[in-house]
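**Student:** predicted model follows, preceded by the sequence.
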Amino acid sequence: MNLKEYGWNETHEMNFNALIDELKADSYVAGRVTLEHKRMYRVMTEEGEWLSVCSGAFQHAAFERRDFPAVGDWVLVERMPGEDRGIIHAILPRTSLFSRKSAGSTISEQIIAVNVDIVFLVMSMNHDFNARRLERYLVAAYDSGATPVVVLTKKDLSEAPQYYIEQAEIIAPGADIYSVSNTTGEGIEPLTDLLKGGKTAALLGSSGVGKSSLVNAICGDGTMAVQGIREDDAKGRHTTTHRELLKIPTGGVLIDTPGMREFQLWNESESLDSGFKDIEALSETCKFNDCRHIGEPGCAIQEALDTGVLSAERYANYVKLQKEIAFLDRKMNRQAQAAERDKWKKVTKSMRKHPSKKK
């Protein structure tokens, strides 16, 4: 198996050699995680695909979710004698990390994909097109370190494809936008060309936007099961239930993810302004540097809202995301402080149980 077909490059090679030297373990080989299921992993190596688990030392040192492997990770893995099974000893440094806040009230991170070069933000050109959701996807994509690409599907079924293209151009200024038909194949070839040279792309979109059909169009029919959309509201049914890394016949790698209707941003998301470049540009032309965009004289934001240059819905979502990120940041700080207190309580308790012997 040639690992270059799975995205192996000089950067990963350099990181691999550095880890091997550090751990002094020549028996370890490099592999890429293609599937994850309850802390068991499918890892593709030059010797084939191995069902793998993390070593005891690895698990003991892991503290949070991102300390464990995820789909797309490159890892150091050791083959179990006489079996097509492996033990993961380390994760190579990641070049990008795409994540979100876990669904629900729990403050925890859910990793979507790592070591991704491109994120395909998939939206369908029908009533399920959601501008506010696309804005969230865009911010998360910039924050991950990958390049966002907007993919508009179901062009052959859309009554007004140009309308959706124009909406995407307003929401994602500067990002590449592709309109495709998974049925006729229109627009698929330019997408696959983006992945040549060992590039990795992740698919992000809600159920029913045509992600599984897009995977089939790129990788070959029958790769993924497909379900239709509900006629009453154009919303889709869940098809993909897990994250999986797939090799593209024409070159490159694709990571498919389950559909997500709820998408809350994770951590500080310093790339919020990258997802709202138009608002950032307007704010820089305000009369006062500390303008709050509420009622100050010479506010470019308020002027743009009054004249219709900036839509009230887009600006409202921008403010909402700012508040959401600030709230999450405060919650995470409190959690970190509580975790630190718990750690020192345990250390103090352990010291009392095992006092050092006097000489």
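**Tutor:** Structure received.
**Student:** name the nearest residue to the residue nearest the centre of the chain, ignoring sequence neighbours.
**Tutor:** Nearest residue to the geometric centre of the chain (CA atoms, centre = their mean): F98, 2.7 Å. Of all residues not flanking F98 in the chain, S144 sits nearest, at 3.9 Å (CB to CB, 6 or more residues apart in numbering). In this view, the C-beta of every residue, glycine as well, is placed from N, C-alpha and C.
**Student:** where's the one you found relative to L254, distance?
**Tutor:** 16 Å (CB to CB, to the nearest Å).
**Student:** now for F276: which residues touch it?
**Tutor:** Counting by CB atoms under 8 Å, 6 or more residues apart in numbering, F276 touches E135, V139, R314, Y318.
**Student:** count the neighbours of the residue nearest to the second one when sequence neighbours are not counted for me.
**Tutor:** In this case it means V139. In this structure, V139 finds its nearest non-sequential neighbour in G275, 3.7 Å apart by CB to CB, 6+ apart. A count of nearby residues for G275, using other CB atoms under 10 Å, gives 27.
**Student:** pretty sure G275 contacts Y142?
**Tutor:** Yes - if you go by CB atoms under 8 Å, G275 and Y142 touch, sitting 5.8 Å apart.
**Student:** between these two, what contacts are shared?
**Tutor:** With CB under 8 Å, 6+ apart, G275 and Y142 have no common neighbours.
**Student:** got the domain ranges for this structure?
**Tutor:** 3-91, 97-256 (automatic domain parsing).
**Student:** okay, those domains, which one's buried deepest?
**Tutor:** Highest mean neighbour count of the domains of the chain: domain 97-256, a mean of 19 (counted as mean count of other CB atoms under 10 Å).
**Student:** chain center to it: distance?
**Tutor:** Distance, stretch centre to chain centre, for domain 97-256: 11 Å (CA atoms, centre = their mean, to the nearest Å).
**Student:** all strands for the protein, in order.
**Tutor:** All strands of the chain, identified by DSSP state E, fall at 29-37, 40-45, 48-54, 74-79, 85-91, 97-101, 109-114, 118-124, 147-153, 176-179, 200-204, 244-247, 253-256.
**Student:** tell me which of the ones you listed lies nearest to E284.
**Tutor:** Checking the strands of the chain against E284 by CB to CB gives strand 147-153 as the closest, at 22.4 Å.
**Student:** give me every residue that touches the residue nearest to the centre of the chain.
**Tutor:** I111, I112, A113, V114, V116, V119, A140, A141, S144, A146, A202, L204.
**Student:** the residue nearest to F98 is in contact with S96, isn't it?
**Tutor:** Yes - with contact defined as CB under 8 Å, S144 reaches S96; the gap is 5.1 Å.
**Student:** which neighbours do the two share?
**Tutor:** V116.
**Student:** make a markdown table out of the domains of the chain and add mean pLDDT and distance to G295.
**Tutor:** Output for the domains of the chain, formatted as a markdown table (pLDDT from 0 to 100; distance: least, CB to CB, whole Å):
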| stretch | mean pLDDT | distance to G295 |
| --- | --- | --- |
| domain 3-91 | 92 | 42 |
| domain 97-256 | 82 | 25 |
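**Student:** make CSV out of the ones you listed and add distance to E303.
**Tutor:** As requested, those are exported to CSV (distance: least, CB to CB, whole Å):
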stretch, distance to E303
domain 3-91, 42
domain 97-256, 18
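**Student:** can you report how many residues lie near the residue lying closest to A304 once chain neighbours are set aside?
**Tutor:** With CB to CB, 6+ apart as the criterion, A304 has its nearest non-adjacent residue at 3.8 Å, and that residue is L310. A count of neighbours around L310, defined by other CB under 10 Å, yields 21.
**Student:** need the contact list for the residue nearest to V253 when sequence neighbours are not counted.
**Tutor:** Spatial nearest neighbour of V253, chain neighbours left out: T200 (4.5 Å); criterion: CB to CB, 6+ apart. Contact analysis of T200 by CB under 8 Å, 6+ apart lists G7, G72, N115, V116, D117, I118, L245, G252, V253, L254, I255.
**Student:** roughly how far apart are the fifth one and K24?
**Tutor:** What that stands for is D117. Taken as CB to CB, the span from D117 to K24 is 32 Å.
**Student:** repeat for the last one
**Tutor:** Shown here: I255 relative to K24, a distance of 32 Å by CB to CB.
**Student:** with F58 instead?
**Tutor:** As defined by CB to CB, F58 lies at a distance of 16 Å from K24.
**Student:** do the same with D156
**Tutor:** Taking CB to CB, one finds D156 at 57 Å from K24.
**Student:** do the same with F98
**Tutor:** 33 Å.
**Student:** so for A300, which of the domains of the chain sits nearest?
**Tutor:** The closest of these to A300 is domain 97-256. By CB to CB, the value is 16.6 Å.
**Student:** circling back: E36: which of the contacts of F276 is nearest?
**Tutor:** Of the contacts of F276, the one sitting nearest to E36 (CB to CB) turns out to be V139, at 25.0 Å.
**Student:** any chance of the contacts of F98 in TSV, plus distance to L214?
**Tutor:** What follows is the contacts of F98, written out as TSV (distance: CB to CB, whole Å):
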residue	distance to L214
I111	22
I112	17
A113	16
V114	21
V116	16
V119	13
A140	19
A141	17
S144	20
A146	17
A202	12
L204	11
